[in-house]
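Chemist: Below is the sequence, then the predicted model.
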Amino acid sequence: MNDYTAELCSAQLAARNVGELLRKCFYAPKVVDERLAHDVKLRLDKECQRLICNILQKRHPNYAVLGEEGGSGGEVEWIVDPLDGTVNYYYGIPLFCVSIALRVHGLLQLGCVYAPMTEEFYSAVRGESALLNGREIHVSTRDRMDRAVVFIGHGSHDGSGASGIRRFAHVSSQVCKMRILGTAALSLCYVAAGKLDAYVEQSIHLWDFAAAQVILEAAGGTLEFSECKDDPLSGSVTAWNGKLPLHEALTLPLTTTQP
């Protein structure tokens, strides 16, 4: 088994430094670089990625960086989302995080996710335990949909349109509660810690979930990623505690056409 102690320390250092910057700027006016239909791009996103890159490349100069704010991949690469939950951050909702993963020859080896406003630091190395602030965490043991709390992406923000709304309604009738937090990485870490039981999103990028995937799987959960045909960095994610009958719950009933 490879030793990624040094890399994990570097990722944690970078995440904490960026988290401190995000916390410091949380109540300050935000500079918007770009407005999209269902998203915003802040100048702070790029500043945070530069800070992460400076720290990681100084400590590991031969590793590539791939992230939401640009960069190129390689055989050994950091996968970075400097601010997952940008819309939350912009609107003053304290649910956002810094996400950093390491992928080696196509295999994710470590991940750390830091939520600075709640001081929650999730981390894991492949083959080892998942940790929250140094304490071991595990997915929930819930195996009934009517007792589950799940995240189901839907509608225009995930690209699924009417079918996504229909899926959301179909699953919501089966579960205890539905939650949409606005941050993929943190939501997946909540599944890892047993706070949520499942996470389903139709349109998501690799940097949104890479670090959290390592943490979730180390905590005993399961994540399935189906990449887009024309873009291997994006696709759909189905993640859960490995116990719920999730696929059955997601299956939409056949519709009938009235004469």
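Modeler: Sure, I can see it. Numbers count the residues shown, from 1 in each chain.

Chemist: Going by C-alpha atoms from here, please, whenever you check contacts or count neighbours.
Modeler: Fine.

Chemist: A184 against D84, yeah?
Modeler: Yes - taking contacts as Cα atoms under 8 Å, A184 lies within contact range of D84: 7.2 Å.

Chemist: Any stretches of this protein with poor pLDDT?
Modeler: Filtered on pLDDT under 70, the chain yields the residue ranges 1, 34, 36-39, 69-73, 155-161, 254-259.

Chemist: And it, what are its domain boundaries?
Modeler: Domain segmentation of the chain under automatic domain parsing yields 5-136, 145-250.

Chemist: how about a markdown table for the ones you listed, with mean neighbour count added?
Modeler: Output for those, formatted as a markdown table (neighbours: other Cα atoms under 10 Å):
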| stretch | mean neighbour count |
| --- | --- |
| domain 5-136 | 19 |
| domain 145-250 | 20 |
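
Chemist: picking up where we left off before, now for A184 and D84: what residues contact both?
Modeler: Counting by Cα atoms under 8 Å, 6 or more residues apart in numbering, the common neighbours of A184 and D84 are D208.

Chemist: contacting residues for the nearest residue to A64 once chain neighbours are set aside?
Modeler: In space, and not counting its chain neighbours, A64 is closest to E77: 4.4 Å by Cα to Cα, 6 or more residues apart in numbering. Contacts for E77 (Cα under 8 Å, 6+ apart) come out as 63-66, 102-104.

Chemist: next one: A218
Modeler: Counting by Cα under 8 Å, 6+ apart, A218 makes contact with 124-130.

Chemist: Return the member of those residues nearest to E224.
Modeler: Within the contacts of A218, proximity to E224 (Cα to Cα) peaks at R126, which comes in at 16.4 Å.

Chemist: quick one: what helix or strand has the closest residue to the closest one other than its chain neighbours in it?
Modeler: Spatial nearest neighbour of R126, excluding adjacent residues (Cα to Cα, 6+ apart): Q109 at 5.1 Å. If you go by DSSP states H and E, Q109 is part of strand 107-115.

Chemist: ok, now D33?
Modeler: Counting by DSSP H and E, D33 is found in strand 32-35.

Chemist: Neighbouring strands of the helix or strand following that strand in the sheet, and parallel or not?
Modeler: Sequence-wise, the next helix or strand downstream of strand 32-35 (DSSP H and E) is strand 40-42. Strand pairing for strand 40-42, using DSSP bridges, gives strand 32-35 (antiparallel).

Chemist: Residues in contact with the strand it pairs with: which ones?
Modeler: By Cα under 8 Å, 6+ apart, the residues outside strand 32-35 that reach it are 40-43.

Chemist: Tabulate those in a markdown table, adding columns for distance to C97.
Modeler: Listed next are the contacts of strand 32-35 as a markdown table, based on distance: Cα to Cα, whole Å:
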| residue | distance to C97 |
| --- | --- |
| V40 | 16 |
| K41 | 15 |
| L42 | 15 |
| R43 | 16 |
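
Chemist: Name whatever forms a beta bridge with M178.
Modeler: V150.

Chemist: In this structure it contacts S172, no?
Modeler: Yes - M178 is within contact range of S172, at 6.3 Å (criterion: Cα under 8 Å).

Chemist: Distance check, the residue nearest to G153 when sequence neighbours are not counted against S187.
Modeler: Spatial nearest neighbour of G153, excluding adjacent residues (Cα to Cα, 6+ apart): E201 at 4.8 Å. Look at E201 and S187: by Cα to Cα, to the nearest Å, they are 11 Å apart.
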